[in-house]
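Trainee: With the sequence up front, the predicted model follows.
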Amino acid sequence: MKRIFSLCALLLLIALQLHAEGLEGVAVQTLARTSTSWDGAELPPYLEGTPEVTILRFTIAPGATLPLHFHPVMNSGVLLKGQLTVTTQSGKVLHLKAGDAIVETVNTLHYGTNPGNEPVDLIMVYAGVTGEKITVLSDQ
C-alpha cells in the first residue's frame, strides 16, 4: 500500500511539474533530486507507519552552532538567506549559501554553524511517521 501511495505521489508530482512547465509565467527549477544525502550516503527506505510530513523554518543567529544531533528520517531543505556550515562527527563538511538545497544525512551525527554575519533563514522538510522523532540530540 505504501509503495502504491509513493508511486501515485511521484506520478502526481511529475504531472504537476510537466503541467507547470507548459504554463505561461511559470518556471520550475529542480533544486535537488537524488537518492543520496549530501555526504554521499545512500538514503534509507521509507519508514513503516502512518506518514507525517513536518516543515520547519529555522532562524540561526550569526556565530550560533546547533547541538550535535541526528535525524532518523529523510529530510531536505533550502537555505533562503545567509550561510550554513554542516559538519558530521566524522569530519565531513558542507558549506551552504543562500539558494542552496540540502538533502540531509540520516542517522549520522552532525551539527550546523552559521559562520556568517547575518541570520540564517532555512526551511527543512522531514518525511517521518506519526509519533516518531525527526531529530535526536546526541548525549555525547
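Mentor: Yep, it's here. Numbering: from 1, shown residues only.
Trainee: Could you use CA atoms for every contact and neighbour count after this?
Mentor: Fine.
Trainee: Just the buried residues of stretch 66-86, please?
Mentor: Using 16 or more other CA atoms under 10 Å as the test for burial, stretch 66-86 gives 68-86.
Trainee: ugh, wrong one, I meant stretch 50-67
Mentor: Buried residues in stretch 50-67 (16+ other CA under 10 Å): Ile60, Ala61, Pro62, Thr65.
Trainee: Next one, pLDDT for the first one please.
Mentor: As summarised for this prediction, Ile60 has a pLDDT of 98.
Trainee: Contacts only, for the residue lying closest to it once chain neighbours are set aside.
Mentor: Spatial nearest neighbour of Ile60, excluding adjacent residues (CA to CA, 6 or more residues apart in numbering): Val120 at 4.9 Å. By CA atoms under 8 Å, 6 or more residues apart in numbering, the contact list for Val120 reads Phe58, Thr59, Ile60, Ala61, Pro62, Leu79, Leu80, Lys81, Gly82, Gln83, Leu84, Asn114.
Trainee: quick check, nearest of the residues you listed to Glu132?
Mentor: Comparing the contacts of Val120 against Glu132 with CA to CA places Phe58 closest, at 20.3 Å.
Trainee: name the element that closest one belongs to?
Mentor: Per DSSP states H and E, Phe58 falls inside strand 51-60.
Trainee: Can you list the strands that that strand pairs with?
Mentor: When pairs are called by DSSP bridges, strand 51-60 turns out to pair with strand 120-129 (antiparallel).
Trainee: If you average pLDDT per helix and strand, which one of the protein comes out bottom?
Mentor: The least trusted helix or strand in the chain, going by mean pLDDT, DSSP states H and E, turns out to be helix 2-21, with a mean of 58.
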